[in-house]
Structures are given as C-alpha cells and as structure tokens.
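Asks: structural data only, the sequence is not supplied:
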C-alpha cells in the first residue's frame, strides 16, 4: 500500500491512463455512475450481506445543546463493521469515484491537490461552523 501517494501524483496517473474518457460529458456521467455504485455497495453491505445494519430515527436534541457538542450526540446510524468482501467492494467503488473526480479535475485544468488544500483551509477557518 502506498501511503505517501500525493493527490498530484494520482491525478497525473489518471491523466496518463485517461484515453477513451476524455470527454467532459463522459467523465461527468462516469462520476455519477461511480457514485451510484458506491451507494449500491454500501447498501448491499446492509441488505445483501448484513454485516452492517442501519438504525435510524428522528434526531432528538436537547434544547440546551451546544454546537460543539453535536459531534458527540449525533450518530452515524451504522451498527457493525463491514466484512472483508464488503470492505473490498466499497474500497473499489471509492477508488473509481476518486478516479473520475481526478479525471474531471484534469480536464478542467484544476489541481486536485490544490483543491484539497483550499478545502482544508476553509474547514479549519470555519471549524464546527462549516456544518459539513
């Protein structure tokens, strides 16, 4: 596993292998398809395999809760852990989504690394007020 791979290196590799999908329209539709496959992979971990369960309901927040405390109060609604098969399927789907995101950045002459650095700065400036 390459832990020190930079976003720029990844984008460069994507650019090198991006031959048939050079149309921005094709890349946009591929992003949608990749994200749909990612959603499907997580859904199948719940409905097909059962390694994950979703338990959700109305969010009840105390009236005196502080914004900073919301992170500790709100839940992901996930119960369990993905099995190895589901983890591999979800990781593959995330990878394809990243591939097409990098491809879009390449076609639009954006640097994925610069975009991430800018977003990171924005998140640090806004902190919990980002409400992401």
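Replies: Structure received. All values derive from a computational prediction rather than experimental measurement.
Asks: and residue 53, how far is that from residue 39?
Replies: Distance, residue 53 to residue 39, using Cβ to Cβ, to the nearest Å: 17 Å. Quick note: C-beta positions are derived from backbone N, CA and C, even for glycine.
Asks: could you do residue 106 as well?
Replies: Counting by Cβ to Cβ, the gap from residue 106 to residue 39 is 24 Å.
Asks: who has more neighbours out of those two?
Replies: Legend: neighbour count by other Cβ atoms under 10 Å for residue 106 and residue 39, higher for residue 106 (19 against 11).
Asks: three-state assignment of the residue nearest to the more buried one when sequence neighbours are not counted?
Replies: Nearest non-adjacent residue to residue 106, counting by Cβ to Cβ, 6 or more residues apart in numbering: residue 15, 4.7 Å away. Per DSSP: H, G, I helix; E, B strand; the rest coil, the secondary structure class of residue 15 is helix.
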